[in-house]
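Enquirer: generate coordinates for the sequence data below:
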Amino acid sequence: MELNVNYFKKELEDEAKRLEDELKSVGAKKNPDNPDDWEATVEDVPTMTADKNEMADRLENFEQSRSTEVTLELRLNNVKKALEKIENNTYGVCEECGETISEERLKANPAATTCVKHME
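Expert: Now for the predicted structure:
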């Protein structure tokens, strides 16, 4: 049975849009040389008048935003890679063994790069 690539392309495009929206809520594109590079943003706290608790909260919030940003950016890059594979007619092929990735696996994770046997 052949994969419905158009279905997966739409799923991946929708996910890419959601991920970019989420990334905008925790970060911004900072590197003009690499438009895929996001960085977490820091909330503005006046450092001259802020006490140590405010500064600690600011640091904690930044660390949470940074963790979220890294996770979202990694997923977005995987989604973009899957979309490139669709364009190159290599989508749905396991990167480890070259076998077809099951449709069930791709429905669970449209950006999957390996078959079930070679899952991490």
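Enquirer: just the strands in the protein please.
Expert: Ranges of strands in the chain, per DSSP state E, are 27-29, 38-40.
Enquirer: give me the below-cutoff pLDDT ranges for this protein.
Expert: The chain contains residues with pLDDT under 70 at 1, 28-50.
Enquirer: cutoff 80 now
Expert: Along the chain, the parts satisfying pLDDT under 80 run over 1-2, 27-62, 65, 120.
Enquirer: what residues sit buried inside the lengthiest helix in it?
Expert: In the chain, assigned by DSSP state H, the helix with the most residues is helix 52-87. Within helix 52-87, the residues that qualify as buried by neighbour count (16 or more other CB atoms under 10 Å) are 58, 62, 65-66, 68-69, 72-73, 75-76, 78-79, 82-83, 85-86. Glycine gets a C-beta too; all of them are placed from N, C-alpha and C.
Enquirer: how about stretch 97-108?
Expert: Of all the residues in stretch 97-108, those buried under the rule 16+ other CB under 10 Å are I101, R105, L106.
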